[in-house]
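In: Give me coordinates for this.
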Amino acid sequence: MKLITAIIRTTQLDQVREALIENEITRVTVSRVSGHGRQKNAEQIHRGRKVVPSLAPKIKLEIAVNDGFVDKVVDTIIDAATSNDGYETDEVGTIGDGKIFITPLEECIRIRTRERGPEAI
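Out: Numbers count the residues shown, from 1 in each chain. Now for the predicted structure:
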């Protein structure tokens, strides 16, 4: 079992959710988060002072999956979250499109039935 955590642009949420649903991936947790990575947040001058812009709003998706679904989920998120500015190209997206983290999931327990492991997902 794995926990897939994806950080994506807020503008890509609907597109990613629709793509996940089309691929029969319907169990997902969505959180609003903020942060920054490689995006250049240039200093700005505001009322005579240098100010570093605040953290960028992002969306965090968390999806627990059995091992056989990892590639399907990751590929779906990448395809839907990659911004290519509306052009149909084979090029990669842009800085700020997001990140995906895959971590081992030691245990999953369904509270209602007390099922454990892959059956609980």
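In: only C-alpha atoms for contact and neighbour calcs from this point on.
Out: OK.
In: ok, residue 36 touching residue 56?
Out: Yes - taking CA atoms under 8 Å as the definition, residue 36 is a contact partner of residue 56 at 6.0 Å.
In: after the top helix by length along the chain comes which helix or strand?
Out: Looking across the chain with DSSP state H, the single longest helix is helix 70-81. Once the chain leaves helix 70-81, the next helix or strand it forms, by DSSP states H and E, is strand 98-104.
In: list the helices and strands that following strand packs on?
Out: strand 2-9 (3 or more CA pairs under 8 Å, 6 or more residues apart in numbering; DSSP states H and E).
In: contacts for the strand it packs on?
Out: The contact list for strand 2-9 (CA atoms under 8 Å, 6 or more residues apart in numbering) reads 57-67, 70, 74, 77, 81, 96-105.
In: three-state assignment of residue 119?
Out: Under DSSP: H, G, I helix; E, B strand; the rest coil, the three-state class of residue 119 is helix.
In: Quickly note the distance from it to residue 101.
Out: Separation of residue 119 from residue 101 (CA to CA, to the nearest Å): 23 Å.
In: Over to residue 12. Which of the three states is it?
Out: Once three-state DSSP is applied, residue 12 turns out helix.
In: Now do the contacts for the nearest residue in space to it that is not next to it in sequence.
Out: Excluding the flanking residues, the one nearest residue 12 by CA to CA, 6 or more residues apart in numbering is residue 81, at 5.7 Å. Residue 81 makes contact with 8, 9, 12, 13, 15, 16, 97, 98, according to CA under 8 Å, 6+ apart.
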